[in-house]
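Trainee: what shape does this take:
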Amino acid sequence: MNKFICCLLSCAALLVISSYGVATPINCIECHQAQVANWQLSDHAKAMAIATDDTVLADFNGSTFEHFSQSARFYTKDNSYFIEYTQGKLTQHYQVQFTFGHFPLQQYLIRIEKGRVQLFPFAWDSRSKQEGGQRWFANYATEDIYSNDRLHWLQPMQNWNGMCADCHSSGLKRNYNATQNSFSSQWNEINVGCQSCHQKVTPEHSQSASETAQNNNQAEPLAHQVQQGYWQRQGDAKTASWHGPARDNEFMDTCYSCHSLREPLTDGFTPGKAFLDQFSPTLLAQPLYHADGQIKEEVYVYGSFKQSKMHQAGVNCLDCHDAHTMKVKAQGNALCLQCHSSQDYHQPEHLNHDVDSPGGLCVNCHMPTTRYMGVDDRRDHSFKIPSPALTIEYGTPNACEQCHTDVPSEWLAEQVVKLWGGQNNATESQQAYIALQTHSQLPIERHLMLANDKQLSEIKRASAIALLPNSTQQLDNKTIQEWVTSPLPLVRLATAKIGFLLPIKERQKSYSSLLTDQYKAIRVAAVQHMIALEDDTNLAFKRAFKELLEMNKTNLWRGEGGLNTSLIHLKLNQVPQAVKALKHAINVDPYFDASYINLAEIYRSNNDIDSEHSIFMQGIKANPNSAILNYSFALALVRNAQKPLALSYFSKAKTLAPDNIQFAYAFWLALDEQGKTAQALTELKSEIQHYRNNPQLIELGMYFAQKVQDANSFRYLRNLRIQAN
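Mentor: Below is the predicted model:
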């Protein structure tokens, strides 16, 4: 039997708690029983729950787990779940309040002071024992996360209220109070329920639905599912095409709200409202994505799917996933064969693997998996064709390597040529795009051609535009005018983000129209580059600027929010307010090093050298392993004629970030200035290959060689320069 409890539901309905502890509004169940039954089979239904015997999957019967300096004992007391956690010499007991997810892992949430709920650092592998599961594991398997690390479980980066809550509960409001540095977060439904995807249910809707429920217990079709059309292959077509009125896929904005890497513009989100009115998405860039657009870091689905041919053709989430279970509509290749001809694609000539083998599954070639969170394998939704040739040239992964781990990419590339022909399946523009992402820049003419290439997907064009600061120092109105008026919102968004490349007078031309753009994300991005032209009589500016302030306010719970707020104050020449914002950022997020650097720069610009050095020392004490803090402090010491002391900080920065060319250059130059030129030359020569024979470092080494009159070293480095050219 179901139990009944009350919850903070906007339509004031009671909730049903199933045997799994998930909550569903009764007024939805009354008319939509089939949909609710399907939803209860979904991961959404188990996104979050109160910790009970029905919801906790892990072993809390006195089991223990150790990870470097951390250890835990998991136990129960008075029908509640507890964790005895030890790090170093400190042992504390925490009560588990909520479960988070269910498969292939389950995490646990701890409520601490000031309304904060934090994600415990050890999770339960809920897979079967045969799959390696039924065990505790650390969220950061190879690292010992100390208490003074930004990734420590008690720091903002592991905070449920700000980082996770809006996508694991319905109608979530963070309700962060910056003055008290506290949360009073609330939700409508504890898990991802009806109101996560459907707009707020009004009493009128509930009443009218109840009146018809007795005669018809079938749910009304969702508005976005009422589409008079269908996918069909015609004649000899290899793939299906859409027949009927143009598809309205705007409903996917609600899917994107959670299945994307994005910056929130509002406190919580509203289903049915435009994605770009509530979030500013991350575009394709390294190190988040591989150079060809395949997923690398935990970026979810939005960025990969938006670049796919599927998206270009009008395919939406519900073509493959059931609307309520969210499971795929068919198993194996049957899912793909809904639209792709079996005569063409489900044949040995195409598969080149046994149909019943892992290699014969379409998804294993076109949707390879990447493992996140220790045990969670997620499929890439860019649907790319595996290309070992691109692996050889650019280092991008290819699906073949996931099975063929014992052969080189060259052999795989040869097999692709033998079986399907063609050395490289990427077009010239696609290869130019990969080159851009690999090197972060292109000759400006080629870069602009790529940005204007309408054959590329919207998100790739936008990503190319966003990288323009690496290829040029300045743009003009003529160059950006077509982007500003583009029907593609991501192109306009990327253009808004690079407004600083336009001289002030050029920003007053077509760029200024972005202040009245349809979408908040674009208005907010543009107004940041119009602050220097602040005009109280400009209603568009005032509106966009207010939206910018509101966005930053919702993010003040973490360091980035305070940092971004300080940048606005600086543009308005409001130095005291900028200092206050950065001090707030340091207080709430003490291991975010950028706040210290920016605050030190304010002190330096106001000739307050003592405060500049003091804040650097405070930052390094809190973040001793921050390479950029050590490097920045070294520069400050050089400016203050303390070069011998600066050398030690340059050295530490180089040690902490051994791949950073700038840090290595500064350290060796500092050695030279301390009369240790021979030592600098010896070290540079021994490490130059590690830095891929960087031209700047070669020139520096040649200067050292001339200075100490080392002809052999000079010739060696000169030959490296010739080879590089």
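Trainee: any low-confidence regions in the protein?
Mentor: 1-27, 200-227, 422-425 (pLDDT under 70).
Trainee: list the contacts of the lengthiest helix in it.
Mentor: Determined from DSSP state H, the single longest helix within the chain is helix 539-554. For helix 539-554, the external contacting residues (CB atoms under 8 Å, 6 or more residues apart in numbering) are 174, 176, 178, 263-267, 512, 515-516, 520, 523-524, 526-528, 530-531, 533-536, 561, 564-565, 568. The way it works is simple: take the backbone N, C-alpha and C, and place the C-beta from them, glycine included.
Trainee: next step: those restricted to strands.
Mentor: Among the contacts of helix 539-554, DSSP state E puts Tyr176, Glu263, Pro264 in strands.
Trainee: so who does the last one touch?
Mentor: For Pro264, the contacting residues are Asp166, Gln278, Phe279, Met551, Thr554, Asn555, taking CB under 8 Å, 6+ apart as the criterion.
Trainee: okay, these in JSON lines with distance to His259 next?
Mentor: As requested, the contacts of Pro264 are exported to JSON lines (distance: CB to CB, whole Å):
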{"residue": "Asp166", "distance to His259": "13"}
{"residue": "Gln278", "distance to His259": "14"}
{"residue": "Phe279", "distance to His259": "11"}
{"residue": "Met551", "distance to His259": "21"}
{"residue": "Thr554", "distance to His259": "21"}
{"residue": "Asn555", "distance to His259": "20"}
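Trainee: list the buried residues of the longest helix of the chain.
Mentor: Neighbour-count burial for helix 539-554 flags Ala540, Phe541, Ala544, Phe545, Glu547, Leu548, Met551, Asn552, Thr554 (criterion: 16 or more other CB atoms under 10 Å).
Trainee: quick check, nearest of those to Thr396?
Mentor: Checking these against Thr396 by CB to CB gives Met551 as the nearest, at 34.2 Å.
Trainee: tell me how far the closest one lies from Glu560.
Mentor: Using CB to CB, to the nearest Å, Met551 is found at 11 Å from Glu560.
Trainee: likewise for Ile597?
Mentor: Going from Ile597 to Glu560 by CB to CB gives 13 Å.
Trainee: cool, and Phe633?
Mentor: For Phe633, the distance to Glu560 - CB to CB - is 22 Å.
Trainee: what about the two, which has more around it?
Mentor: A count of neighbours by other CB atoms under 10 Å puts Phe633 above the other of Phe633 and Glu560, at 27 against 18.
Trainee: checking my notes, that one in a strand, right?
Mentor: No: applying DSSP: H, G, I helix; E, B strand; the rest coil, one finds Phe633 to be helix, outside a strand.
Trainee: contact partners for it?
Mentor: Ala600, His613, Phe616, Met617, Gly619, Ile620, Tyr649.
Trainee: that older thread, nearest to Gln642, of the ones in strands among the contacts of helix 539-554?
Mentor: Using CB to CB, Glu263 is the member of the ones in strands among the contacts of helix 539-554 that sits closest to Gln642, with 38.9 Å.
Trainee: bridged to that closest one, which residues?
Mentor: Ser280 (DSSP bridges).
Trainee: contacts only, for it.
Mentor: Each residue near Glu263 by CB under 8 Å, 6+ apart is listed here: Phe279, Ser280, Pro281, Thr282, Met551, Asn555.
Trainee: if we use 10 Å, what do you get?
Mentor: Neighbour list for Glu263: Phe279, Ser280, Pro281, Thr282, Ala521, Val524, Met551, Asn555, Glu560, Asn564 [criterion: CB atoms under 10 Å, 6 or more residues apart in numbering].
Trainee: just say helix, strand or coil for Phe65.
Mentor: Following three-state DSSP, we place Phe65 in the strand state.
Trainee: could you find the closest non-adjacent residue to Ala435?
Mentor: Closest residue in space to Ala435, ignoring its immediate chain neighbours: Leu442 at 6.6 Å, by CB to CB, 6 or more residues apart in numbering.
Trainee: ignore what I typed, I meant Leu456.
Mentor: What sits nearest to Leu456 in space, not counting adjacent residues and going by CB to CB, 6+ apart, is Ser429, at 5.9 Å.
Trainee: any idea how far Asp453 is from that neighbour?
Mentor: Computed as CB to CB, the Ser429 to Asp453 distance reads 5 Å.
Trainee: who touches both of the two?
Mentor: Residues touching both Ser429 and Asp453 (CB under 10 Å, 6+ apart) are Lys460, Ala464.
Trainee: and stretch 176-189, what's buried?
Mentor: Going by 16+ other CB under 10 Å, stretch 176-189 has these buried residues: Tyr176, Ala178, Asn181, Phe183, Ser185, Trp187, Asn188, Glu189.
Trainee: end-to-end on that stretch?
Mentor: 19 Å (CA to CA, to the nearest Å).
Trainee: which residues does the residue positioned nearest the centre of the chain contact?
Mentor: Geometric centre of the chain, nearest residue: Leu261, 3.6 Å, by CA atoms, centre = their mean. Leu261 makes contacts with 279, 281-283, 288-289, 295, 297-303, as judged by CB under 10 Å, 6+ apart.
Trainee: ok, it to Thr391 distance?
Mentor: As for Leu261, its distance to Thr391 is 24 Å (criterion: CB to CB).
Trainee: what's the answer for Gln689, then?
Mentor: Between Gln689 and Thr391 the distance is 22 Å, computed by CB to CB.
Trainee: the more surrounded of the two?
Mentor: Neighbours around Gln689 and Thr391, counted as other CB under 10 Å, are more numerous at Thr391. The numbers are 21 against 9.
Trainee: what backbone torsions are found at Ser126?
Mentor: Backbone torsions of Ser126, given as degrees, to the nearest 10, read phi -90, psi 10.
Trainee: dump the residue contacts of it.
Mentor: With contact set as CB under 10 Å, 6+ apart, Ser126 has these partners: Leu57, Ala58, Gly101, His102, Phe103, Pro104, Leu105, Gln106, Gly133, Gln134, Arg135, Val375.
Trainee: repeat for Ile498
Mentor: So Ile498 contacts Ile465, Ala466, Leu467, Leu468, Pro469, Thr472, Leu475, Ile480, Trp483, Tyr511, Ala525, His529 (CB under 10 Å, 6+ apart).
Trainee: what segments of the stretch 401-550 of the chain are helices?
Mentor: 409-420, 428-439, 444-451, 458-466, 477-484, 489-497, 504-507, 520-527, 539-554 (DSSP state H, counting those that start in this stretch).
Trainee: ok so Ala49 is a strand residue?
Mentor: Yes: per three-state DSSP, Ala49 lies within a strand segment.
Trainee: Met326: what secondary structure?
Mentor: coil.
Trainee: contacts only, for it.
Mentor: Contacts for Met326 (CB under 10 Å, 6+ apart) come out as Asn38, Trp39, Leu41, Ser42, Asp43, His44, Ala45, Val192, Cys255, Cys317, Leu318.
Trainee: so of those residues, which ones are in helices?
Mentor: The members of the contacts of Met326 that map onto helices under DSSP H are Asn38, Trp39, Cys255, Cys317, Leu318.
Trainee: quick one: which of those residues is most hemmed in?
Mentor: Most surrounded of these: other CB under 10 Å gives Trp39, at 24 neighbours.
Trainee: for it, give its distance to Ile50.
Mentor: Taking CB to CB as the measure, Trp39 falls 18 Å from Ile50.
Trainee: circling back: for the ones in strands among the contacts of helix 539-554, which one is nearest Glu30?
Mentor: For the ones in strands among the contacts of helix 539-554, the nearest to Glu30 is Pro264 (33.4 Å; CB to CB).
Trainee: good, wrapping up.
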